[in-house]
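In: what follows is a predicted structure for the sequence shown.
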Amino acid sequence: MSTHETTVTDGRSHSVSDPILEIRNAEVVFEMDRGVSRVLDNVSLDIQRGEILGIVGESGSGKSMLASSTLDAVVEPGVLSGSVTYYPEEGDPVDVLELSDSELRQLRWEEIAMVFQGAMSSFNPTMKIRDHFEETLEAHNYSLSEGMSRAHELLSDLYLDSERVLDSYPHELSGGMQQRTLIALSVILEPNVLVMDEPTAALDLLMQRSIISLLEELKEKYDLTMMFITHDLPLVAELADRLAVMYAFELIEQGTTEEMLQNAGHPYTRALLNSTPNLDAPLEEMRPIPGSAPDPVAVPDGCSYHPRCPLATDQCVATDPPSEPVTESHLIDCHHWEESIESIPLNHQKEATTRTTDEERNPMDHQNQMEGER
Ligand SMILES: Nc1ncnc2c1ncn2[C@@H]1O[C@H](COP(=O)(O)OP(=O)(O)OP(=O)(O)O)[C@@H](O)[C@H]1O
């Protein structure tokens, strides 16, 4: 069952937990010749109604497996276990992993839609964009006229010339136009949740930024909940209300974006923050994370990060750390999170402190500089 806790502040009540999706103990296993490959390991996560949740991790950490699991779309011969519950605004909760194929097809477009990286592979190259929209509407018995006027509106919301786009073949559109068109197509049936797996990965930096701000507009206008999966932490930090970090097929930390940027407790999250070039830190401070992520058939015992972790002790080698709730929203899977916060400085905070100290030391200089920049 979903928990709907309520707190009372200033005489008003606020719902603090209203999950639209609840993932519990999700596991994906592939039987390989060289052993059992566990590519999603006991992941539990709530996605709150109306939020943007960012899922971050290195390549191969299991992010796409988590995305596919939310829609029971793990490819054969992968075996998914655990539970995924969808809570519609009205009506009974839906046990996603128990749905029939036809119920699942309906859920996938009408309630929870997915956008993958590389839009080209999602379109049929022999069909015009208009046909993609019409085919989707017809397959779900939606009114064509209402649906196509929504298509025009959605494409315009994404700053596209809707008539021109609908009359084009996919290859006649640029990468950024294709990706925006795919986003419009994915929300044509008015889903409540949009799951996006690296939706901007193949695009240049400017187009990535503009898609991020378009997604924010779309979310507000159509009241969407979003799960945004990426290896690009600074990119998703601009967009997300909460962030969850994956390492070696597990979730190792989650919290509000503010908590994760200012007070990340897992040494891996802190290393990830320090390995990104544009979180206010100078390029020379950027530190790649030493070592490499484990092979899914040979994940280390205990904490799977211990071979790369500067703080690892015997306890980390012996025992997998449980999720510790540091605040109501901030969970950390690390035996030494307090020491981690104390001893692993964050580059972007160092930079901010240096700036503050300079300002304190020379307030007039700083004021003159600001005026000079105006
Ligand atoms: N069909 C498959 N059979 C066996 N293993 C697979 C299959 N698909 C993916 N994997 C493995 O599952 C693990 C997790 O992959 P996943 O695609 O979820 O990672 P990711 O974090 O999304 O990576 P990326 O950012 O590169 O897309 C990887 O080790 C990958 O090799």
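Out: Yes, it's here. Everything numeric in this text was worked out from a predicted model, so none of it was measured.
In: next, the closest residue to residue 89 other than its chain neighbours: phi, psi?
Out: Closest residue in space to residue 89, ignoring its immediate chain neighbours: residue 192 at 7.1 Å, by Cβ to Cβ, 6 or more residues apart in numbering. In this view, the C-beta of every residue, glycine as well, is placed from N, C-alpha and C. Main-chain torsions, residue 192, degrees, to the nearest 10: phi -90, psi -30.
In: residue ranges for the helices of the stretch 51-200 of the chain, please.
Out: 63-70, 101-110, 129-139, 144-157, 162-166, 175-186 (DSSP state H, counting those that start in this stretch).
In: distance to the ligand and mean neighbour count for those helices - can I get that in JSON lines?
Out: Output for the helices of the stretch 51-200 of the chain, formatted as JSON lines (distance: least, Cβ to the nearest ligand atom, whole Å; neighbours: other Cβ atoms under 10 Å):
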{"stretch": "helix 63-70", "distance to the ligand": "3", "mean neighbour count": "22"}
{"stretch": "helix 101-110", "distance to the ligand": "18", "mean neighbour count": "15"}
{"stretch": "helix 129-139", "distance to the ligand": "24", "mean neighbour count": "18"}
{"stretch": "helix 144-157", "distance to the ligand": "27", "mean neighbour count": "17"}
{"stretch": "helix 162-166", "distance to the ligand": "27", "mean neighbour count": "18"}
{"stretch": "helix 175-186", "distance to the ligand": "16", "mean neighbour count": "23"}
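In: any chance of those in a markdown table, with distance to residue 342 too?
Out: A markdown table is the format used below for the helices of the stretch 51-200 of the chain (distance: least, Cβ to Cβ, whole Å):
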| stretch | distance to residue 342 |
| --- | --- |
| helix 63-70 | 29 |
| helix 101-110 | 45 |
| helix 129-139 | 53 |
| helix 144-157 | 46 |
| helix 162-166 | 53 |
| helix 175-186 | 42 |
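In: quick revisit: pretty sure the residue nearest to residue 89 is touching residue 20, no?
Out: Yes - counting by Cβ atoms under 8 Å, residue 192 touches residue 20, with 6.5 Å between them.
In: now do the shared contacts for those two.
Out: Counting by Cβ atoms under 8 Å, 6 or more residues apart in numbering, the residues touching both residue 192 and residue 20 are 49, 225.
In: now residue 331: closest residue in space, sequence neighbours ignored.
Out: In space, residue 331 is closest to residue 323, 4.4 Å off (Cβ to Cβ, 6+ apart).
In: which bits of this protein sit near the ligand?
Out: Residues of the chain found near the ligand (Cβ under 6 Å from any ligand atom) are 30, 37, 39, 57, 59-65, 75, 231, 296.
In: do you know how far residue 123 is from residue 144?
Out: In this view, residue 123 and residue 144 are 19 Å apart by Cβ to Cβ, to the nearest Å.
In: how about residues contacting stretch 58-71?
Out: 21, 23, 26, 28, 39-41, 43, 45, 55-57, 74-75, 78, 80, 82, 84, 96, 104, 107-108, 112, 114, 195, 197, 227, 229-231, 246-250, 272, 289, 293.
In: what about it, start to end distance?
Out: With Cα to Cα, to the nearest Å as the measure, stretch 58-71 spans 22 Å from end to end.
In: mind jotting down where the strands sit in the chain?
Out: Along the chain, the stretches classed as strands by DSSP state E are 6-9, 12-15, 19-32, 35-48, 52-56, 79-86, 94-95, 112-116, 193-197, 225-230, 242-247, 250-256, 324-325, 331-332.
In: near the nearest residue to residue 196 once chain neighbours are set aside, how many other residues are there?
Out: Distance criterion Cβ to Cβ, 6+ apart; nearest residue to residue 196, sequence neighbours excluded, is residue 115 at 4.5 Å. Residue 115: 24 surrounding residues under other Cβ atoms under 10 Å.
In: quick one: residues contacting the residue in the stretch 201-350 of the chain that the ligand sits nearest to.
Out: As assessed by Cβ to the nearest ligand atom, the ligand sits closest to residue 296 within the stretch 201-350 of the chain, at 4.6 Å. Contacts for residue 296 (Cβ under 8 Å, 6+ apart) come out as 30, 37-39, 248-249.
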